[in-house]
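Student: Predicted model and sequence follow; I will ask about them next.
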Amino acid sequence: MERLLAEEKVFKDPVHKSVYVQDELIWNLINSREFQRLRRIRQLGTSYLTFHGAEHSRFSHSLGVYEITRRIISQFERNAYKDWPREERLPALCAALLHDLGHGPFSHSIEAVFDTDHEDWTCRIIMGETEVNQILREVDEQFPARVAAIIKKQYDKPIVVNLVSSQMDADRMDYLLRDAYFTGVHYGTFDLERILRVLRPHQGRIVVKESGMHAVEDYLMSRYQMYWQIYFHPVTRSSEIILRHIFGRAKELYHNGYQFEWLPLPILKLFQGDLTTSDYFLLDEALAQTVFMAWSDERDEWLSDLCRRFLHRRLYKDVIVSDHNEALFEEAREQLRQAGLHPDYHLEVDFPFDLPYDVYRLDARSGKKDNEKPPILLLDSEGGLSEISARSDIIRSLTGLHQDKHRWYFPDDLLRPVAHRLDSRIRAIFGY
């Protein structure tokens, strides 16, 4: 049974102006220790080294996703749409609020090195011996499993999953607006109010009223611009590469028997691959930054150099390599090795890509969808549905894979003094 607070709680928010909490369950979840930890996890990872205002947290983003979801559901219930299952309101709000609970420090970089997954950790926290689990079980014993199933996209009502995870979900809407605000750009802005007004529950999923097509075009263009101007910014990619190399070098040293001057227990457990939810709770960016500061004085020259680079923003330089191929890259690695550098940590290739929008497709052999996030469908006045790119030239131009150029990243200050030892072709690529 849903219990309401005696008095509505309101969070002031720079993006949504206000975030409203009426449910006692939501209020208790916000005040849990696991959710409060998200204050110590940046939303944009290392982007603060590129855009100095990008210091906002997963905590504020999660509140924003909850608020957008709350507003969508309120609109459905206010208009008494028969296709919205009213009993799903509370699990949908909980999933929206908790969807990022499992993010670690600089989450995507740490995931790449240690083969972890924030969604898996989110579900482990929801289902484990945690305050969040205890709070959810006050609804009933099966309620945590329902919330976890929504987050894992395994819930038996796809319409609920659509709210939190789709090609136009509350998560994407909030992070585009919030990231644009804190990075100080206008690329991510779109008419949120209009989009919320034209969303409809229909035949078990969320669709868009056809008159809202142009608002959706604006939203998808904003997403496209944010990825290529903000999320894939070369400076941000450089800082992410250095961060991955820090974790990678430290992991390699540990497994080779290296004795660290200081290795806190959560980091040790991370290296050993046996983190518990209690250990994971202690992994935040404050701890990571403290560890980097300590490692900047480690005996290992590569680890200490990488940590100093990250802490003091001495990032790698990048060059676009139009004729990149594996043979050329391996040749460059070998020449760096002969020049006294460590190619595993001093040369990286990056080739970002994004799907700003993709059409629903079926696998020809299995007959199953090959994209876990189904397409955006327009609902016409006769109740018919059409996939949006069939109606929009703008969206059709965005459909499919967008790829950037290959970029090589390297420490200019280390490579320049030994560049004379490279052959002319490799030297020219690096610009020496």
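Tutor: Looks like it came in fine.
Student: Could you tell me which strand of this protein is the longest one?
Tutor: Across the chain, the longest stretch assigned as strand under DSSP state E is strand 4-13.
Student: Adjacent strands (with direction) for it?
Tutor: Paired neighbours of strand 4-13 in the sheet (DSSP bridges): strand 17-23 (antiparallel).
Student: avg pLDDT for the strand it pairs with?
Tutor: Looking at strand 17-23 alone, the average pLDDT works out to 98.
Student: and stretch 70-90, how far apart are its ends?
Tutor: Terminal residues of stretch 70-90 are spaced 9 Å apart (C-alpha to C-alpha, to the nearest Å).
Student: Could you list the residues in contact with stretch 116-128?
Tutor: With contact meaning C-beta atoms under 8 Å, 6 or more residues apart in numbering, stretch 116-128 is reached by 34, 98-104, 107, 110-111, 132-133, 136, 144-145, 147-148, 151-152, 277, 280. Any C-beta I mention is one placed from the backbone N, CA and C, and that applies to glycine too.
Student: What subset of those residues is buried?
Tutor: 34, 98-104, 107, 110-111, 132-133, 136, 144, 147-148, 151-152, 277, 280 (16 or more other C-beta atoms under 10 Å).
Student: residues of stretch 123-138 that come out buried?
Tutor: Quick answer for stretch 123-138 (16+ other C-beta under 10 Å): 123-128, 130-133, 135-136.
Student: quick check, distance from that stretch to the centre of its chain.
Tutor: How far stretch 123-138 lies from its chain's middle: 22 Å, per C-alpha atoms, centre = their mean, to the nearest Å.
Student: just stretch 329-338 next, same as before
Tutor: 33 Å.
Student: Next, the buried residues of it.
Tutor: If you call a residue buried by 16+ other C-beta under 10 Å, then stretch 329-338 has these buried ones: 329, 332-333, 335-336.
Student: Redo those as a markdown table? Include distance to His202 and pLDDT.
Tutor: Converted to a markdown table, the buried residues of stretch 329-338 look like this (distance: C-beta to C-beta, whole Å; pLDDT from 0 to 100):
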| residue | distance to His202 | pLDDT |
| --- | --- | --- |
| Phe329 | 49 | 97 |
| Ala332 | 54 | 97 |
| Arg333 | 54 | 98 |
| Gln335 | 60 | 97 |
| Leu336 | 57 | 97 |
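Student: quick one: which of those residues is nearest Pro411?
Tutor: Nearest to Pro411 among the buried residues of stretch 329-338: Leu336, at 10.1 Å, using C-beta to C-beta.
Student: So what's the residue count around the residue lying closest to that closest one once chain neighbours are set aside?
Tutor: Computed as C-beta to C-beta, 6 or more residues apart in numbering, the closest residue to Leu336 that is not its neighbour in sequence is Pro343, at 4.8 Å. Counted by other C-beta atoms under 10 Å, the residues lying close to Pro343 total 18.
Student: which residues does Pro343 contact?
Tutor: Per C-beta under 8 Å, 6+ apart, neighbours of Pro343: 332-334, 336-337.
Student: Distance of the residue nearest to the spatial centre of the chain relative to Gly257?
Tutor: In the chain, the residue lying closest to the centroid (C-alpha atoms, centre = their mean) is His108, at 6.9 Å. To Gly257, His108 is 29 Å away according to C-beta to C-beta, to the nearest Å.
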